[in-house]
Each structure stands twice: as structure tokens, then as C-alpha cells.
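> sequence-free structure coming up:
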DNA sequence: ATTGATAATTCAAATGATTTGAGTTAATCC
DNA sequence: GGATTAACTCAAATCATTTGAATTATCAAT
């Protein structure tokens, strides 16, 4: 139940696996790159990289992109990821619906689907998931034999492999090994995660956090979540429930952070004013009209966000904080521009390469795409990733 | 300036190095253990472990401890760490003094020293450090050829290798590559860190956090620091300044967390009441007398600590939080027992194996010992540790 | 007391991946 | 046009782990 990487010894086979991943990661980072340059970056010999690249080309993971002459000497043959070389499945299970997405190697969504759920007991969910998988693979048949794995996002709290005790929104999932269940049904390696962590990975693979190794993602779900990426890897906490920033109490107000800063928070605030904001579009419309009740909420929200920023920056010292999730872009932008950032923070540095607060992807699919991104991040050998 | 593990490829040599570390780590964890058991834990063959152990014995890192029969079959030869097989130096530079400690492989302090500082410019400090090194090695001559490295603790804020800009308490250290400076002068590999991180490692190597892979350490220094250990490794943040929990503002009060919870905080509180508490002993005496002013401070301190706990638990989901540093044991105990822990936390689990808040080591040497522990933690192959 | 099962350990050979070193190719520089 | 530079390839060497057979020591059952 405790998340803990147990240290494993290394051997030739695991070395090769690790080096393959690292090569793929370098290629992705560079876009197109030659063998010698990869070798230098990884402290390997060109010969080794040559061998690995030959293998990766043979497996269809890499494509030759012609020679590029940059100075003296033989121009290096450039290699780039083959987008169709590998695919990752993203599944997001919500209390009332399942979202799914199929991402290619480069992080592009080649298919997305959703089904409404009536019951959310395991067997019902599994049937839908199976069906979604077939549906998406029919849209991209090449992917069938090139699946790297599936990321699954579910409402927590959970342990490493499944939802455990406490008030989850899903019924019948308590004490079930969800990871194994999905893995068996999908026939794929599965990574389980919460929405904020997944969303963070989405930004890392194909969003504003590309190339940023350490950042935090403040995620608007039902409440307020936090995804922590440190040195290219998610910080999940001992029991997999790190990032519940929304639960942090605000001393003066007698409430939690997410009471002022979440989708439920706006909705109930507006409801008290006799207004209904069922979905993101309706919120967007109210914002375009500069609805006074919404603006009042935004006022307290920026204060809360400023506080959240102070907590995250001082505890985690990230390169940047990304704000995203189930909110209209315009509101996220408003929050990003209007939130007061305290000077008293380790993140308040003169020549920072990134703004302290960046707007990330919004919308309903973020976490779903992120679920798949979890798999890609692993396949592309993130900095601190270990051999299994 | 950004802390980032750059991914490196693997080869036979690096595999061996990693496996050596992993074997040492297993031996330390178990106390005494046989080869076959290590092999199982690390997914290596007994033959491999045999080879490595032969090497480690030859190098004096391990000792044979006789056979232990536990059931059928040939009783396994037990191996244990040779305490005198390796040593780590810990250096703590404060504005007005330098503390030093020499730890053996098992984490026992075999020598400690301190010198008062008049000036704290780099060259003056370096001379003292050099001298301390010689002094301590004279006390434990065996250590001379068995030094694993040195951990150095300094007041931040700093980047990876040195103190950068902003208000450090040390003069003349800005923009200096302190790590390289120490490494050159000591002739040892150096790890630089802040006090809270080092203290956390001390608890992991030789304190209450032994065997706990993910925990947080709330450290009373001048202010309030936080050391984060995730999966056996320190979470340092993008710029090495993670854990500045004391800087987090408390909304209602218009102050920071460390205004209510730090050594400076008690001292100024008492001073306002006309009392002086220069050091830990005087604080201890006041506490034994149940001094009303101190008790009043403790009242607000427990509230602040409760808030800090809520933040740390919800963001990091650690197995436990350790409280320690420059406070008398009695006060730490008081805080640990009296602090209200919110039910609304991911850490509020029914059958947790550890209490949520544990008292750690206190006193003036904690961070110094921790500095050395940073080196030991690396040498003993912590779970997530990578090959250089 | 003898015999068989179990488990740790060693030995020697095989395997797998990387490195090494010599040679080839194709650019730029002078 | 020749020298220099750099990427790349080929074949052999190296290093550490794995494999499989043999050895040793203990427990358990006959």
C-alpha cells in the first residue's frame, strides 16, 4: 500500500532498456538529432548509440530525417521520433462518465471518446473501457500492435494500486486492485493516477511545461488539486495521495482552500446569487458579461490563489507553477494576471527564465490526455526514471 | 543553476557501481544478511552478489558475521557493515561558528568539533575547515583513506553549487561555487545543502526515520525549515530551495508561519515579556518552570504547527512528519503531544504504521550530523538514487 | 543412523551490452 | 587540392551478469 520504489540491481538487459529510453528521450527533446550528439549527452559511445538507434529504427520508433551539415566533418544523420511508432491510451473514470484518448508518440491525440456512465461499479466500467479501447483502435489501426501502455485517472483517494477506504465517489471500488484490473482487461501495462498528476504530465509532454523538469500544476477539478513534478518525475507521496492542496485550511476563514478556489466553489457562490453555471461555457459567458457575482468570486479566488502560490513556491521551489483544468481559458488568464504574487518567496528571483504562474491547458479532456502522457513520460526516459 | 539530474546512459561499470551501492544498502537495512537474500531483494543472481560481496569484503566495507541457520539447507553466511569501512565528514557553516562531525559507516559520530568564527568570508572559513578536517582525522586515523565525501550545510538561499544573491547571512559568498571550493580544499566529493534537509537525512540514517522512505522533517533553525524526503531522496526543488515553509504567510495574522513557530519567535516573544532565552538550556529551564509567557507562546505555536502539519500532510502525503532542531526535547515533546492534527487530511488513516508527528533529534549538532548523513545516504544506495 | 529434501554457495562457461581502436566517408578550412 | 574535422562503421576486446552443474551443510523423515 505504500508507494516505494524498491531498488533493483542492474544488468546488461536492464542497461539496454534504460539506454533505449534515454535515447528516445533525447530525440524527443531535440526534435531531430544525430547519433554523436546523443552519445555525448548520455555519456555513451557513438557505437552504442548507433546500435540502439538501428534497433529503434527497425522497431519503427525512429525515422531518418536526412543529414544536416552544421560545420566541419561528416554531417550527422538526423533522427526524429516516428509519431506512429508508439501509442498510449488515456482513460479517465468519473462518477458519471468515462473519457478516453489515444495519444501518439509525439503526444498528439489521434482519437478521443466518451461514454456516459449509469452505474460505476467495476464490472460495468470495465465493459465500457474495453469497448472504448476497441473503438479507438479501429480509428487508428496502426496503433494496435504499438501500444506502450495505458494511464488511468480516477477520483481518489487511493493507494498505489487501487482506491482505498474513505469517501471515494466511486462505489464498489474500495480495496480493489484497480491497476491490475485495468491491466488485465486492456492487456497493457497500466499506471494509475489522480487528475492533477495526470494533467501535470500532459503539460510536460505536450504543453507549456515542455522541457521544464520541476514544476507544479494547480488543477481545477471538482476541488483543487496539485500535481508535483520533480526532476521529470511525479512526486506521489508515500501513499500516492500527495497534492491535496485544496484540503489545506485557511486559518482566518475557517474553511479550506478549495472553498474559495474550485469549480464547486464558483458554482455554489453563483447559486447563492440565484445563478446557475452548469458547465465551463456558461461560466465563460458570465465572465464575458463581467457578471458582478462572478467578479466578486474572482476577487476572493485571486486571494486564495495567491495563498496557494505562496505555499507551493516556498515548499517546492518549482521553476514555474501551471494553472489549468476545468475553467474557461478567459478565467484562467484572469487569475494568472490578477493574482498577487508575494515578494517573499524563494521563487521571486530577478532573472527567472519562466513566469512564476503560467496558464496551462483547460477543458474537460486535460486529465484524460494527461493519463496517456504518464505512459509517454515513462517511455521517453524522464531524467530521474529508473529501470523497473 | 537549476538542479536537474541529467539522464546518463548505463554501462557495465556503472551497473557494477550501482549494484555495489544497492548491496551495501541492503546490508545496512538488514543489519546482518546473507548473499542469497540480498540477491532476491535486488533481483540479481547469487553469483553476482557473491562477486560484489567478495569485493566489498576485500575493500573492508563488509565483515563476515558467521553462519546463521534458519531452517533447512546450508546456513547462510551473514554479512554486516564494517563501521570503520567508510567515513563521512559533516560541516556546518554558521554566520558565527563552524561545526564539524565525522561519522562512520553506521552513522555513529566518532568525532565532533566546533570553532567560533570572527569573519565568515570564504578564505577564512576554508582555513578553519581545513584545520578541522585534520583535527578530526587525527582522532580517527583509520578514516584517512576511507573518506566517502563531505556534506556541507550553509545558510541559504542558494543554487545548486553556491549561495546566490539575496540576503544570505554570510558575506562574500554570493555567486561563489561553494561546492567546488569545499571539494577542492577537502579533497573530497561534496554535497551542499540547507540545515533542514541535512537534519532530515540524519533522522533517516541514524534516527527515528530509519526505514521510512518518504517523510518530512520540520526543523527549528533560526526560522522554520522543512526537509522533504521522497522515496529515500531529498526533494530539493528546481533551484535547491525547497522547504522554506517558514516563509508561508498565515492569512489571518498578517505574518509568516515562522513568526509563530521558530527559535527567533520564542526569543522575541519572551523578550517582549522582559525575559531572555539565549540558548536551548534557558528555554528548557523556563519550560520546566512552566513559565506563563513561554506557555502562552506554546499555545500559539501549537496552532501554527497544526497549520504547518496540514500543509505538509496534504501536499506531500508523507509516512510521518518529524519535528526537531534547536529546541529542548521537552518542548518538542510538548508540541508533538499537544498539537491538534486535523482529521481532514490524507494522512489521517486508520491503521497507520507510524504516528503522524514524531519527535526527532534536537540540539545544536543535528544539522552537522545530517550533513555527513547526506553522504552516507548516497553511498548506501537509497531507493531512488541514480548512477552519477 | 541413514536417506532425501532443501538451500546457500562456488566454479566454469556462456551471454549481452558496451567500449576500444582502426578505418571510411564527407564536409569545411586554408 | 590537401589538411583538418567530425560522424560513422566494423571487428575485436572487455566487463559484469547470467546460466547450469557441482558442492556443502542443515533439517526432516524413515
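That came through fine. Keep in mind it's a predicted model, so treat the numbers as computed, not measured.

> now the angle from the top helix by length along chain A to helix B:292-316?
As assigned by DSSP state H, the longest helix anywhere in chain A is helix A:292-316. Helix A:292-316 runs at 100 degrees relative to helix B:292-316, counting by axes from the mean of the first three to the mean of the last three C-alpha atoms, to 10 degrees.

> helix A:292-316 and chain B in contact?
Yes: using C-beta under 8 Å from any C-beta of the partner chain, helix A:292-316 reaches chain B at A:307, A:310, A:311, A:312, A:314, A:315, A:316. (Glycine included, C-beta is placed from N, CA and C.)

> the fourth one and residue B:289, how far apart?
Look at residue A:312 and residue B:289: by C-beta to C-beta, to the nearest Å, they are 41 Å apart.

> tell me how many other residues crowd the residue in the stretch 101-250 of chain A positioned nearest to chain B.
Nearest residue of the stretch 101-250 of chain A to chain B: residue A:237, at 2.8 Å (C-beta to the nearest C-beta). Around residue A:237 there are 25 other residues, counting by other C-beta atoms under 10 Å in any protein chain shown.

> neighbours around the closest residue to it other than its chain neighbours, how many?
Using C-beta to C-beta, 6 or more residues apart in numbering or on different chains and skipping residues adjacent in sequence, the residue nearest residue A:237 is residue B:317, 2.8 Å away. Number of residues near residue B:317 (other C-beta under 10 Å) recorded here: 25.

> ok, now how distant is residue B:317 from DNA strand C?
35 Å (C-beta to the nearest atom of the strand, to the nearest Å).

> ditto for residue A:280
With C-beta to the nearest atom of the strand as the criterion, residue A:280 and DNA strand C are 47 Å apart.

> residue A:27 now?
Taking C-beta to the nearest atom of the strand, one finds residue A:27 at 15 Å from DNA strand C.

> list phi and psi for that residue.
Main-chain dihedrals, residue A:27, degrees, to the nearest 10: phi -60, psi -40.

> isn't it right up against residue A:35?
No: applying C-beta atoms under 8 Å as the test, residue A:27 and residue A:35 come out as separate, 10.2 Å apart.

> moving C-terminal of the host helix or strand of residue A:199, what's the next helix or strand?
Taking DSSP states H and E as the definition, one finds residue A:199 inside helix A:195-206. Proceeding N to C from helix A:195-206, the next assigned helix or strand is strand A:215-220, under DSSP H and E.

> who are the packing partners of that following strand?
helix A:195-206, strand A:224-230, helix A:292-316, strand A:320-325 (3 or more C-beta pairs under 8 Å, 6 or more residues apart in numbering or on different chains; DSSP states H and E).

> what packs against the shortest one?
I take that to be strand A:320-325. Using 3+ C-beta pairs under 8 Å, 6+ apart: strand A:320-325 touches helix A:195-206, strand A:215-220, helix A:292-316, helix A:329-338, strand A:357-362, helix A:366-379.

> any idea of the mean pLDDT for it?
Per-residue pLDDT over strand A:320-325 has a mean of 97.

> ok, now the first one?
Over the span of helix A:195-206, the pLDDT mean works out to 95.

> just want the angle from it to helix A:366-379.
60 degrees.

> so residue A:364 sits in a strand?
No: read with DSSP: H, G, I helix; E, B strand; the rest coil, residue A:364 is coil and lies in no strand.

> and the spatially closest residue to it that is not a sequence neighbour, how many neighbours?
Nearest residue to residue A:364, sequence neighbours excluded (C-beta to C-beta, 6+ apart): residue A:326, at 6.5 Å. Number of residues near residue A:326 (other C-beta under 10 Å) recorded here: 20.

> and residue A:31, by the same measure?
11.

> ok, residue A:284 next?
Count around residue A:284 with other C-beta under 10 Å applied: 16.

> the residue of the stretch 51-200 of chain A found nearest DNA strand D: neighbouring residues, count only.
As assessed by C-beta to the nearest atom of the strand, DNA strand D sits closest to residue A:73 within the stretch 51-200 of chain A, at 2.0 Å. For residue A:73, the count of nearby residues is 8 (other C-beta under 10 Å).

> same check, this time on residue A:115
For residue A:115, the neighbour count with other C-beta under 10 Å is 15.

> next: residue A:37.
16.

> that one contacts residue A:79, correct?
No: counting by C-beta under 8 Å, residue A:37 does not reach residue A:79; the two are 10.1 Å apart.

> correct me, but residue A:189 touches residue A:149?
Yes: proximity of residue A:189 to residue A:149 meets the contact threshold set by C-beta under 8 Å, at 4.1 Å.

> which residues do the two both contact?
residue A:375 (C-beta atoms under 8 Å, 6 or more residues apart in numbering or on different chains).

> which of these two has more neighbours?
Taking neighbours as other C-beta under 10 Å, residue A:189 and residue A:149 compare with residue A:149 leading, 20 against 16.

> three-state assignment of that one?
What three-state DSSP gives for residue A:149 is strand.

> cool, and residue A:66?
Here residue A:66 is recorded as strand under three-state DSSP.

> how much space separates it from residue B:247?
52 Å.

> of the two, which one has the most company?
A direct count of neighbours by other C-beta under 10 Å for residue A:66 and residue B:247 places residue B:247 higher, at 22 against 8.

> okay, residue A:165: pLDDT?
So residue A:165 comes in at 43 (pLDDT).

> and the one 5 residues further on, by the same measure?
Confidence at residue A:170, expressed as pLDDT, is 73.

> not including adjacent chain positions, what is the nearest residue to it?
Nearest one to residue A:170, counting by C-beta to C-beta, 6+ apart, is residue A:120 at 5.2 Å.
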